[in-house]
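Chemist: dropping a prediction and its sequence here:
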Amino acid sequence: MYAGYSLLARILHLLTLGSPLDTLMGEGQRYLEFLRRVQNEDAVLFVMVVQQAALCLKGRSIGLTSLSDGNNNEAEQLIIMKVKKALVPLQGYYLFKCMTFYILGDYENALDMAEESEKLSEEALCQSYHADHYLYFSLAVTSAWPGLSLLRQLRLKALLKRNLRKLAGWAKHSPENFQHKELLVAGEIARINGASYQAISLLEKAAASARVNGFIHCVAIASELTARVYMTQGAGTAAQACILKARDGFNTWGASAKVKLLEDCYPDWCTTQEMIPSLNEEITHTSTAASTTSGSGTLDMMTVIKVSQAISGEVYLDRLLHLLLGFVIENAGATRGLLILKRDGKLFIEAEGTTDPDSTIVLLSLAVDGCRTLPESVINYVTRTTDHVVLDDAATSGKFTHDPYILENMPKSVLCTPIINQGRMTGVLYLENNLATGAFTKQRLKVLDLLSSQIAISIENARLYEGLKSATSELEVYSRTLEQKVEERTKELSEEIQIRKRAEEAAEKANRIKSSFLSTVSHELRTPLTSVLGFARIIKKKLDESVLPALKLEDKKAAKALGQIREVTEIIVIEGERLTVLIDDVLDLAKMEAGKITWNVQQISISEIINRAATAVSSLLEQKSLELIKESDEGLPQIYGDRDRLIQVVINLLSNAWKFTNDGSITIHTILTPEYQGRQFIQVGITDTGIGISPEDQDKVFEKFRQVGDTLTDKPKGTGLGLPICREIVEFHGGSIWVESVQGKGSTFFFTIPAVPLENLQNSLIQTGEDHK
Ligand code: ADP
């Protein structure tokens, strides 16, 4: 049994390691015979899964991604594993099925299989291939990514992170076995996040780690993924190199189905390799100048790839131009080179160099127009035609022998080629060799051509990056200015706050002075007034009860004088009482305005308030035979408020109604208002049939000391403070007060009190109370 498991482990190791699939299949076949003999069913099933997966990768199954062949049926095997609950091989089946789907480009199915494998992933715990689950699961996710729903992406992103964490943990302890897997997943995460440069760097490191540690299939996978990133960057040359590397890797592994797939997908690229040796031969053969100017002089394909990769990773324009020109001069066998770029429709020399790398000058920005250090006619020709110019001996043959620069400097070989990206000319590369004739062969030109679009893209990217950098620094300046402005404004605001605070303090102080003044004054007034009023009442009482009845009023003069004394005393009493009321009102109002009143808020019923007020004024009404009518909605809710203060409001309004009504009636009607914006009010209206108030006076009646209308005839009593006090009380309760009146017909004074739950009222009371302060 255990021998069987050991053999199974061996097979799984071979697959995980990326050992040649032929070796794996050969060994697998031998082991199967043994495993069948010892009836180790699980091991048989599992080895068969591996065998069939290898078969599929080799392109020997029926259908691209099927694990069936003439001898074995995948569907049957799957059923057997399920029926027998052979979970370990079943998990292996899902995992390796995911792997084959992934490698053969069916990412959606790969992901489905990965999710099945995930469900059983515990079955693979402690097995060497367990890490493969996290690897292929992640790769399936990142490759299927663009087609996934947002929801699925969200869920899978979390799993990707988990997978990376797992692999990173293992890689820390055993980088030889796991680092390439971690880097592959990290690179892919960077790729789907749009961090292309980071992705390339990680994937290249993954390939390097896999190569060093012998995981050839992972070198191939990493290379294919790198190509994918290069393709999105438009870096065709680099992408091609990676595809070729991938093809090599898969080929060494023995995954012929994948090799074919790559060749079918990239038919042009996959034939280039055959072109290279002949190209190299020719270059070596004709490169006389190169041998005098550079060590190798051979511009082979690998150099192109190397350079392509190097320049695609360089984002700083100055460094890029330096790198580019240095490379081109060295490898093309030139003695001098110019990199000319188009900006705003004009050409500028941006870099100039010679065989001495230290002599290279970049970011020159010298206009080509009128420049005497290059053959302008050659440059113009290339710009106009976007064709190359190769001159074997510029001074003696070709169309440009009359160019002033050529006449003066007598360069021998000249090569001028446009830099083209997506059909647009973005610059010109000018090379010359003034030591050797015929230095620039057509093959050199071909290689430069291959690099042209990569050069253009890299320059474009670097320019974008420069733009971004300057935008960022502008943004920094702006944000610094903004910070400064915010600081200034904060200072201004705090000054404003200080000023307002001082004003508030001054107002507060004035208020304090005012209320202390009022209480002092009213006290000072009230004390003598109490005496005056008291004595006047005593005099009146004495006159009425003792003096007048006891006197024999024969003396008409004395009788008249006593009558006058009585009258005057009565006036003193009446005016004294009025003055007392006035002082009380003034003090009351001052206290309310200063928020110095203690409110006794409790649950009360509005009808109780109305009844108590009506009783208080009933004797008054009787004096004028005015009828008091009460109308009320049924079942009014309770309200919360200060009972005595609200009674004071109703008494005030009733006595005003009484004061200004000579006959007719006074009606008190109470209703619950309809709900509006979630709020309801108890509304009380007191209607009289009196003199009414003119429209222009209706607003004024709530002002302090305001008595409107004909004050001579209509104002026998009153202070002009009753309504302002009512308004203070009503507004404190969160209600409002107003009047509707028709002159000569009568008035209705309305007030409302919110019908709200206690806690809401308390909140509004707190706010109102604070307003008052
Ligand atoms: P007063 O103590 O003078 O009545 P109020 O503030 O209560 O002071 O009223 C202010 C003025 O409003 C009154 O002087 C009067 O001119 C007018 N007024 C108040 N109620 C009525 C009413 N029911 N009918 C007519 N005028 C009224």
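Modeler: Good, I have the coordinates.

Chemist: not counting its neighbours along the chain, what's nearest the residue of the stretch 501-650 of the chain found nearest the ligand?
Modeler: Residue of the stretch 501-650 of the chain nearest the ligand, by Cβ to the nearest ligand atom: residue 585 (8.0 Å). (Each C-beta comes from the backbone N, C-alpha and C, glycine too.) Leaving aside its sequence neighbours, residue 585 sits nearest to residue 721 (Cβ to Cβ, 6 or more residues apart in numbering; 4.0 Å).

Chemist: that neighbour reaches residue 703, doesn't it?
Modeler: No. If you go by Cβ atoms under 8 Å, residue 721 and residue 703 don't touch, sitting 10.0 Å apart.

Chemist: for these two, indicate the residue with more neighbours.
Modeler: Legend: neighbour count by other Cβ atoms under 10 Å for residue 721 and residue 703, higher for residue 721 (20 against 14).

Chemist: residues touching that one, list them.
Modeler: 582, 585-586, 588-589, 704-705 (Cβ atoms under 8 Å, 6 or more residues apart in numbering).

Chemist: rerun that using 10 Å as the cut-off
Modeler: 581-582, 584-586, 588-589, 652, 703-706 (Cβ atoms under 10 Å, 6 or more residues apart in numbering).

Chemist: which member of these is positioned nearest residue 439?
Modeler: residue 703 (104.9 Å; Cβ to Cβ).

Chemist: show me the shaky parts of the stretch 251-400 of the chain.
Modeler: 271-304, 306, 312-313 (pLDDT under 70).

Chemist: how about a cut-off of 50?
Modeler: 272-299 (pLDDT under 50).

Chemist: going along the chain, name the strands of it.
Modeler: Assigned strands in the stretch 251-400 of the chain, in chain order: 336-343, 346-354, 361-367, 389-391 (criterion: DSSP state E, counting those that start in this stretch).

Chemist: contact partners of the shortest one?
Modeler: Outside strand 389-391, the residues that touch it by Cβ under 10 Å, 6+ apart are 375, 377-379, 381-382, 397-401, 406, 411-418, 428, 430-432, 437-442, 444-445.

Chemist: ok, 8 Å please
Modeler: Against strand 389-391 from outside (Cβ under 8 Å, 6+ apart): 378, 381-382, 397-398, 400, 413-417, 440-442, 445.

Chemist: farthest pair within those?
Modeler: Top of the distance list for these (Cβ to Cβ): 381 and 441, 19.9 Å.

Chemist: more crowded one of these two?
Modeler: Higher neighbour count among residue 381 and residue 441: residue 441, with 25 against 18, using other Cβ under 10 Å.

Chemist: so how far is the ligand from the more buried one?
Modeler: 112 Å (Cβ to the nearest ligand atom, to the nearest Å).

Chemist: residue 431 now?
Modeler: 103 Å.

Chemist: got the residues of this structure near the ligand?
Modeler: Counting by Cβ under 6 Å from any ligand atom, the chain comes close to the ligand at 656-657, 660, 688, 690-691, 693, 701, 706-709, 715, 718-723, 747.

Chemist: give the PyMOL command for selecting the buried subset of these.
Modeler: Remark: buried members of the residues of the chain next to the ligand, expressed as a PyMOL selection using 16 or more other Cβ atoms under 10 Å:
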select buried, resi 656+657+660+688+690+691+693+701+707+708+709+718+719+720+721+722+723+747
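
Chemist: so which of the residues of the chain next to the ligand are in helices?
Modeler: Of the residues of the chain next to the ligand, the ones assigned to helices by DSSP state H are 656-657, 722-723.

Chemist: which of these has the weakest pLDDT?
Modeler: Within those, pLDDT reaches its minimum at residue 722, with 90.

Chemist: chain neighbours aside, what residue packs nearest to that one?
Modeler: residue 652 is the one closest to residue 722 (Cβ to Cβ, 6+ apart), at 4.6 Å.

Chemist: residues contacting that neighbour?
Modeler: Residue 652 neighbours (Cβ under 8 Å, 6+ apart): 722-723, 725-726.

Chemist: buried set for the strand or helix carrying it?
Modeler: Secondary structure from DSSP states H and E places residue 652 in helix 643-659. Neighbour-count burial for helix 643-659 flags 643, 645-659 (criterion: 16+ other Cβ under 10 Å).

Chemist: check which element follows whichever helix or strand residue 447 is part of along the chain.
Modeler: Counting by DSSP H and E, the element that carries residue 447 is helix 442-542. Past helix 442-542, further along toward the C-terminus, the next helix or strand under DSSP H and E is helix 548-550.

Chemist: check which element follows that following helix along the chain.
Modeler: Once the chain leaves helix 548-550, the next helix or strand it forms, by DSSP H and E, is helix 556-593.

Chemist: just want the angle from that following helix to helix 442-542.
Modeler: 160 degrees (axes from the mean of the first three to the mean of the last three Cα atoms, to 10 degrees).

Chemist: surely residue 648 touches residue 732?
Modeler: No. Using Cβ under 8 Å as the test, residue 648 is too far from residue 732 to be in contact (11.9 Å).

Chemist: coming back round to it: next, the residue nearest to residue 585: phi, psi?
Modeler: phi -120, psi -10 (degrees, to the nearest 10).

Chemist: likewise for residue 427?
Modeler: phi -180, psi -180.

Chemist: residues near it, how many?
Modeler: 22.

Chemist: enumerate every residue touching it.
Modeler: Residue 427 touches 339-342, 347, 350, 418-419, 455-456, 459, counting by Cβ under 8 Å, 6+ apart.
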